[in-house]
Every structure is written in C-alpha cells, then in structure tokens.
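Engineer: Predicted model and sequence below, questions to follow.
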Amino acid sequence: MSEADRPREKLLALGGASLGNAELLAILLRSGRRGESAVEMAHRLLSLVGGRLTGLFECDAGYLASMEGVGPSRAAALLAAFELGRRFVQESSGTGLLLPNAHRVYEYMLPRLKGLVHEESWIILLDTKMREIKSVKVSVGGRKATVMDKSLIIRKALECGAVALILVHNHPTGDPTPSKSDISETSQLQSACAACNIRLLDHIITADEHFYSFAEEKLY
C-alpha cells in the first residue's frame, strides 16, 4: 500500500472525513496479521456484523475479543473509541438546550441510547422556558423491560427546580411501540408529577432508527 493510501497517513494529511469506516477501524486495530492487512481485517469485522458500525457497537467485550485476529487489546481499543464518541456527542450538546418537539428530543437522546442491548430510562429536566437544566439516567434494565422509580424522578426534578420533564427510554428490540407496562407507568408518573406541580411533557421511546411519542400520539 502506498504511503498516501495508508489510513494513518491519509488521516493526518486529509482529515478523518476522507477515510471510510474500515480505514478508521484499521487505525484502531493498528496492524493486521499474517496474510491480512489491518484494512482487510476491518472489512472482515464489519462484514460479520452486517457492515454497520452499530453492529460492532452492540458487541460486548468478550465477543469482540473472540473475533479472529482481534483479542483483548484490540477489543479494548474499539470499545474505548465507541465510548469516547458517545461521550463527545453528549458533552458537546451542553445544557440550556431548547427541545421544541419530539423529533428534536429523539435526536438529542439517540447518542446515549443507540445500540444499547438493554433498556435505559432517562429524564430531561426543564426550566420555566422549557430549556434543559440537565439530563439524568434514572434506571437500567434488561432487554425487554426496565422499572422506573417514580419517587426518584420526582426527587431529581425538585432538587434542581425543574417545572417540567420529558421521559425517554429505549427499546433494544427495534420496535418503539409502547407496551402495556409502558403505558401504565407513564400514567402513574404523570399523576405523581401533577401532584408536585411538575409537567410531564412527553414520554419518548427510541428504537435506533425510529421513535414513539406519547404526546404526539395523544396517549395521555
């Protein structure tokens, strides 16, 4: 491979946007193995997970390390890169963000929830101008369910003087349709919020490429 086509040299000379996914992964892998370059290895790994970075992100450490040619060190590098990417997006969003509709909330929360193989529930706490005060993870569950602690949610809202909140959680199954439990717990949370003069503006369920908004569907 000519120097101009080597991923590291290409990245430094032309910037990250000039590289494909496999080339960027090859930099993290650092080297190939006998009979297979780092770029070829990266292409092979992507092909094993459907050609999408999301597929690699969904792999746990043990499975990544078990892939032929990867091992613990390279698996750790890949996992660290994914986590840094997630944190960068969260950090750059900042606070004081105006979230005018469900689609904007979905876009804002997707970096936190995309690719997870378990359910997480988050609340976005809002001030009187409907701007974000902060976002808080309130529960972590399994692949099909998570239990929301309504007293914890209310306490978090009161602690920072929030007048409204938006509940967001993910469905790893890929279907954002609310379950009977989702509907029941949302109704209970709405009642608890109302008793404390806090508005539950929406409950949004994300499923990577799709989302469901309780407010838009007038489900409560």
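Structural biologist: Okay, I see it.
Engineer: export stretch 206-220 as CSV, just CAs?
Structural biologist: Provided in CSV are the C-alpha atoms of stretch 206-220 (Å, rounded to 0.1, in the frame of the first residue of the first chain):
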residue,chain,number,x,y,z
THR,A,206,-36.5,5.3,20.9
ALA,A,207,-35.6,2.2,18.8
ASP,A,208,-32.4,3.3,16.9
GLU,A,209,-34.0,4.4,13.6
HIS,A,210,-37.5,5.1,15.0
PHE,A,211,-39.2,6.7,17.9
TYR,A,212,-42.7,6.9,19.5
SER,A,213,-44.0,10.0,21.3
PHE,A,214,-46.8,9.6,23.8
ALA,A,215,-47.6,13.3,23.4
GLU,A,216,-47.8,13.2,19.6
GLU,A,217,-50.0,10.1,19.7
LYS,A,218,-52.2,11.7,22.4
LEU,A,219,-51.7,8.6,24.6
TYR,A,220,-52.2,10.6,27.8
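Engineer: Residues contacting it, please?
Structural biologist: Stretch 206-220 is contacted from outside by 54, 102-103, 106, 109-110, 113-115, 168-178, 183, 186-187, 190, 200-205, using C-beta atoms under 8 Å, 6 or more residues apart in numbering. In this view, the C-beta of every residue, glycine as well, is placed from N, C-alpha and C.
Engineer: Let me see the mean pLDDT of the lengthiest helix in the chain.
Structural biologist: Ranked by number of residues, the top helix in the chain under DSSP state H is helix 71-93. Averaging pLDDT along helix 71-93 yields 83.
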